[in-house]
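> let's see this in three dimensions:
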Amino acid sequence: MDDIILNANTLPEPLSRLIGADRVRVRKDNGVITMTPIEGSFDCVAGLRGMLAGNKEMSLDKFLERKHADKEFDR
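Model prediction:
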């Protein structure tokens, strides 16, 4: 099932107080709803995916430079 990340402040006050974190992960599985506090910062893009996954040498600047060069080449 898919997870949903919510701001805990949007929940009713008793639930927000019980959670004790700024964000909460909500999951529904077989009719059971589970709420898990998320401690610390949350990075929605934890890493590169696809052919660039695991490539330590490819920085964002290099990637964008290549994309712009590809667009110029296609013209």
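> any chance you could map the helices in the protein?
Counting by DSSP state H, the chain has helices at residues 13-19, 60-74.
> in contact with the closest residue to T36 other than its chain neighbours, which residues are there?
The shortest distance from T36 to any non-neighbouring residue, by C-beta to C-beta, 6 or more residues apart in numbering, is to R25 (4.5 Å). No exception for glycine: its C-beta is placed from N, CA and C like everyone else's. Applying C-beta atoms under 8 Å, 6 or more residues apart in numbering, one finds that R25 lies in contact with D3, I4, I5, M35, T36, P37, I38.
> low-confidence ranges, the protein, go.
Within the chain, the set of residues satisfying pLDDT under 70 comprises 1, 41-49, 51-52, 75.
> cutoff 90 now
Counting by pLDDT under 90, the ranges of the chain that qualify are 1-3, 5, 8-9, 15-23, 30-31, 38-75.
> all strands for it, in order.
Using DSSP state E, the strands of the chain run over 3-7, 23-29, 32-38.
> partners of the second one in the sheet?
Pointing back at strand 23-29 there. Next to strand 23-29 in the sheet, as set by DSSP bridges, lie strand 3-7 (antiparallel), strand 32-38 (antiparallel).
> list the buried residues for that strand?
Counting neighbours by 16 or more other C-beta atoms under 10 Å, one finds that the buried residues in strand 23-29 are R23, V24.
> which strand residues bridge the residue nearest to T36?
Note on R25: beta-bridge partners by DSSP bridges are I5, T36.
> so it versus P12, what's the distance?
Distance check for R25 against P12: by C-beta to C-beta, to the nearest Å, it reads 17 Å.
> do the same with K71
Using C-beta to C-beta, we find K71 at a distance of 49 Å from P12.
> please apply the same query to N30.
As defined by C-beta to C-beta, N30 lies at a distance of 24 Å from P12.
> please apply the same query to I5.
Counting by C-beta to C-beta, the separation of I5 from P12 is 18 Å.
> compare those two (neighbour count), which wins?
Counting neighbours by other C-beta atoms under 10 Å for I5 and for P12 shows that I5 has the greater number, 11 against 7.
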